[in-house]
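Asker: Here's my sequence, what's the structure:
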Amino acid sequence: MGTGTDGEIKRRKLSKAERLQVYDKCNHRCAYCGCDLEYKNMQVDHAQPLRCGGADEMNNMLPACRSCNHYKATLMVEKYREYIEGIPDRLNRDSIPFAVGKRFGVVSENRKHVVFWFEEIGIEVGE
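Answerer: Okay, here's the model as predicted:
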């Protein structure tokens with residue numbers, strides 16, 4: 001791993017065998033939300049982001065769907081959990097359709113502690 005001319009951290013290019021190894025880690029599901037994941041749609045996420053000192057190694061890589069990888073971005077796992085758990089607060093604060101839907105009973109809040117799929121299946125990541 002190095003840095004590019006613009007200071008961006010460079011990730012090493014994974015071989016097909018390495019990508020398949022990441023894909024297999026969580027039984028072909030997103031490590032975070034647990035949705036079924038086709039190999040062609042899998043994105044490789046660094047559980048501890050490279051920008052936060054994470055290693056560009058297999059024990060720090062998890063398969064992710066596009067949505068989870070986008071929203072997790074450079075967050076640590078615990079910060080991503082906090083982000084997901086904070087969605088009801090942001091919806092209550094910022095979304096008029098959500099507030100109206102709550103009043104009419106067509107949507108509701110479901111506050112709970114988020115457990116990621118990789119945790120449910122007992123995968124440990126190098127943080």
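Asker: quick one, domains of the chain?
Answerer: Domains of the chain are assigned by automatic domain parsing as 2-74, 86-116.
Asker: quick one: which of those domains is nearest residue 124?
Answerer: domain 2-74 (8.1 Å; Cβ to Cβ). Heads up, the C-betas are built off the backbone N, CA and C, glycines and all.
Asker: any idea which of the domains of the chain is most buried?
Answerer: domain 2-74 (a mean of 15; mean count of other Cβ atoms under 10 Å).
Asker: so how far is residue 106 from residue 58?
Answerer: With distances taken as Cβ to Cβ, to the nearest Å, residue 58 is found 44 Å from residue 106.
Asker: ok, now how distant is the residue of the chain positioned farthest from its centre from residue 78?
Answerer: In the chain, the greatest distance from the average C-alpha position (Cα atoms, centre = their mean) is reached by residue 104, at 32.2 Å. To residue 78, residue 104 is 35 Å away according to Cβ to Cβ.
Asker: what's the answer for residue 14, then?
Answerer: Taking Cβ to Cβ, one finds residue 14 at 25 Å from residue 78.
Asker: for residue 51, same thing?
Answerer: In this view, residue 51 and residue 78 are 16 Å apart by Cβ to Cβ.
Asker: With residue 30 instead?
Answerer: Residue 30 is 18 Å from residue 78, by Cβ to Cβ.
Asker: Residue 119: what's it in contact with?
Answerer: Residues in contact with residue 119 (Cβ atoms under 8 Å, 6 or more residues apart in numbering): none are found.
Asker: Am I right that residue 63 is in a helix?
Answerer: No. Going by DSSP: H, G, I helix; E, B strand; the rest coil, the assignment for residue 63 is strand, not a helix.
Asker: Was I right to think residue 52 contacts residue 77?
Answerer: No. In this structure residue 52 lies outside contact range of residue 77 using Cβ atoms under 8 Å: 10.5 Å.
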